[in-house]
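Trainee: next come a sequence and a model predicted from it.
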Amino acid sequence: EPEVTQTPSHQVTQMGQEVILRCVPISNHLYFYWYRQILGQKVEFLVSFYNNEISEKSEIFDDQFSVERPDGSNFTLKIRSTKLEDSAMYFCASIEHLPNSPLHFGNGTRLTVT
Amino acid sequence: DAKTTQPNSMESNEEEPVHLPCNHSTISGTDYIHWYRQLPSQGPEYVIHGLTSNVNNRMASLAIAEDRKSSTLILHRATLRDAAVYYCIHFQGAQKLVFGQGTRLTINP
């Protein structure tokens, strides 16, 4: 069964550094998402992406965040200048079509900012 | 801004059925109800979704109230592997699924 893949599984970075989290959504899916989960807290929506542009974003997704689909397969989340509070699990997800499709999640990237 | 209500936790015994309730009184007529679960240290995993009719798949059944203001996820024979946080959610706005706190399900051997 096709799946969403995320790399790396764990990323450690220093405060103020830029990080790029990578995702390969399922190939025929059209909508892409990033979520994050701070340890012990709920899964939070960050951004949705369709047709090469952001369709919705949360208040968490400020100017420090950006997303890109640089080619036909990858979907990336960039954090320009990481803060300690960016430490979390980041999940990529994709969906084939709306609204009658399930959302498929990757296994996540654990970002640790020191 | 999650618009569903679930009990914080539930407990059941192995090999017994489990009924997980959810209230979604503000759901619109065209929103599908989705259920996901999150096993420890893993990403959310799709369980089932439906619109009006009851739905069955290999993982679970979904019973949707006639007025669509509530639904129940049914695990027919719980196993220890079903211990997870279960989320009942629906799309808000055009394209986002917003997760609430979910129900933490504990399965006793």
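Mentor: All right, it came through fine.

Trainee: hmm, who's touching the lowest-mean-pLDDT helix or strand in chain B?
Mentor: Sorting the helices and strands of chain B by mean pLDDT, DSSP states H and E puts strand B:96-97 at the bottom, at a mean of 80. Here strand B:96-97 makes contact (Cβ atoms under 8 Å, 6 or more residues apart in numbering or on different chains) with A:Tyr33, A:Phe45, A:Ser48, A:Glu56, A:Leu103, B:His34, B:Ile89, B:His90, B:Phe91. In this view, the C-beta of every residue, glycine as well, is placed from N, C-alpha and C.

Trainee: just checking, which of those residues belong to helices?
Mentor: Among the contacts of strand B:96-97, no residue falls in helices (DSSP state H).

Trainee: make TSV out of the residues you listed and add distance to B:Gln42, neighbour count and pLDDT.
Mentor: Listed next are the contacts of strand B:96-97 as TSV, based on distance: Cβ to Cβ, whole Å; neighbours: other Cβ atoms under 10 Å in any protein chain shown; pLDDT from 0 to 100:
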residue	distance to B:Gln42	neighbour count	pLDDT
A:Tyr33	17	28	95
A:Phe45	18	24	93
A:Ser48	22	25	93
A:Glu56	25	17	91
A:Leu103	15	24	90
B:His34	17	23	93
B:Ile89	17	27	90
B:His90	22	23	83
B:Phe91	23	20	75
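
Trainee: what's the following helix or strand after the least confident helix or strand of chain B?
Mentor: Later in the chain than strand B:96-97, the nearest helix or strand by DSSP states H and E is strand B:103-108.

Trainee: chain center to that following strand, what's the gap?
Mentor: Strand B:103-108 sits 13 Å away from the centroid of its parent chain (Cα atoms, centre = their mean, to the nearest Å).

Trainee: and the contacts of it?
Mentor: Residues from elsewhere that reach strand B:103-108, judged by Cβ under 8 Å, 6+ apart: B:6-14, B:18, B:20, B:78-80, B:82-87.

Trainee: give the rounded mean pLDDT of that strand.
Mentor: Regarding strand B:103-108, the rounded mean pLDDT is 97.

Trainee: cool, and stretch B:68-75?
Mentor: Averaging pLDDT along stretch B:68-75 gives 95.

Trainee: list the buried residues for it?
Mentor: Applying a neighbour-count criterion of 16 or more other Cβ atoms under 10 Å in any protein chain shown, one finds B:Arg68, B:Ser70, B:Ser71, B:Thr72, B:Leu73, B:Leu75 buried in stretch B:68-75.

Trainee: any idea how far the residue nearest the centre of chain A lies from chain B?
Mentor: Nearest to the geometric centre of chain A sits A:Trp34, at 3.1 Å (Cα atoms, centre = their mean). A:Trp34 sits 11 Å away from chain B, going by Cβ to the nearest Cβ, to the nearest Å.
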